[in-house]
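Student: pasting the sequence and the predicted model now:
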Amino acid sequence: MNFTETWLDKYIQKDIKIKGYQLHREDRENKEGGGAAIYIKDEYDAEKIAGLSSGGVEMVAIYIKRINTINIVIYKPPDASTNDFSTILEKVQEITSRVTKPEPTVIITGDFNFPFIRWIRGSNNGCRWEEKKNSGATTEGRRQLKKLIEVVDRIGLVQVVEEPTREKNTLDLVFTNDVDMFTHIEVTGSSMSDHKRIELTTNLIKNNSQTTRIDKKEY
């Protein structure tokens, strides 16, 4: 289970434990809000390979050796600077280049706050998108989107969420280098957030489909 905007800090520990799950998290530094976290079942024995908070942009990454998968969660607030977002993306690029043989499955999820973009489901040939008419996009926002597209194209990722996740906007995204692993993608309501929940069913483990829940929650 992947979460963004967790609002956690070093004083919150016991209250968020779930029996049978490991928690990997990256909290916002020096002020409240933000944050990224991953819950994963103990049986997968995942390793946290990176965590970074840069100016209010947070990222946490784990490597799941059993299924050779890198799972990354990112939270980029609407007021993030291009420099801070670029720092996170450079780290993502470095992380995904660590494991090369065999090539790992890469999943990047998160709240990227690009309300001016309409995403179009593509094939394994890169990300397809278009800017909405009268989008109100800022120069900073366009720069950040350009940087994101450059990085995910370089890694070889495709964005698979087409439906709106908050009001009429698709803010919460899922990138992967293997679109065929998702047997089901659903955007559904959430009682804990003004963002909808994304549920992904994958076939990463042979003969044993797994459902991954990706939530954005505000406390």
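Tutor: Noted; the coordinates are in hand. Not measured: the values here are computed from a predicted model.
Student: and the gap between the spatially most distant residue from the centre of the chain and Asp111?
Tutor: Distance from the C-alpha centroid of the chain peaks at Asn134, with 26.9 Å (C-alpha atoms, centre = their mean). Asn134 is 23 Å from Asp111, where distance means C-beta to C-beta, to the nearest Å. For the C-beta atoms, the positions are set from N, CA and C on the backbone; glycine is no exception.
Student: just Gly56 next, same as before
Tutor: Note on Gly56: its distance to Asp111, by C-beta to C-beta, is 12 Å.
Student: other SSEs contacting the longest helix seen in the chain?
Tutor: Counting by DSSP state H, the longest helix found in the chain is helix 139-155. Counting contacts by 3 or more C-beta pairs under 8 Å, 6 or more residues apart in numbering; DSSP states H and E, helix 139-155 packs against helix 82-96.
Student: so what sits opposite Phe3 in the bridge?
Tutor: Phe3 has these beta-bridge partners by DSSP bridges: Ala37, Asp215.
Student: give me the number of residues near it?
Tutor: Phe3: 26 surrounding residues under other C-beta atoms under 10 Å.
Student: flag the shaky bits of this protein, pLDDT-wise.
Tutor: Low-confidence segments of the chain, defined by pLDDT under 70, are located at 121-126, 191, 204-219.
Student: grab the most central residue of it for me.
Tutor: The centre of the chain sits closest to Thr109, judged by C-alpha atoms, centre = their mean, with a distance of 1.7 Å.
Student: which secondary structure element is home to that residue?
Tutor: Thr109 belongs to strand 105-111 when elements are defined using DSSP states H and E.
Student: so where do the strands sit in this structure?
Tutor: Listed in chain order, the strands of the chain (DSSP state E) span residues 2-4, 21-26, 36-41, 47-54, 57-64, 69-75, 105-111, 117-120, 128-131, 158-159, 172-176, 182-188, 197-202, 210-216.
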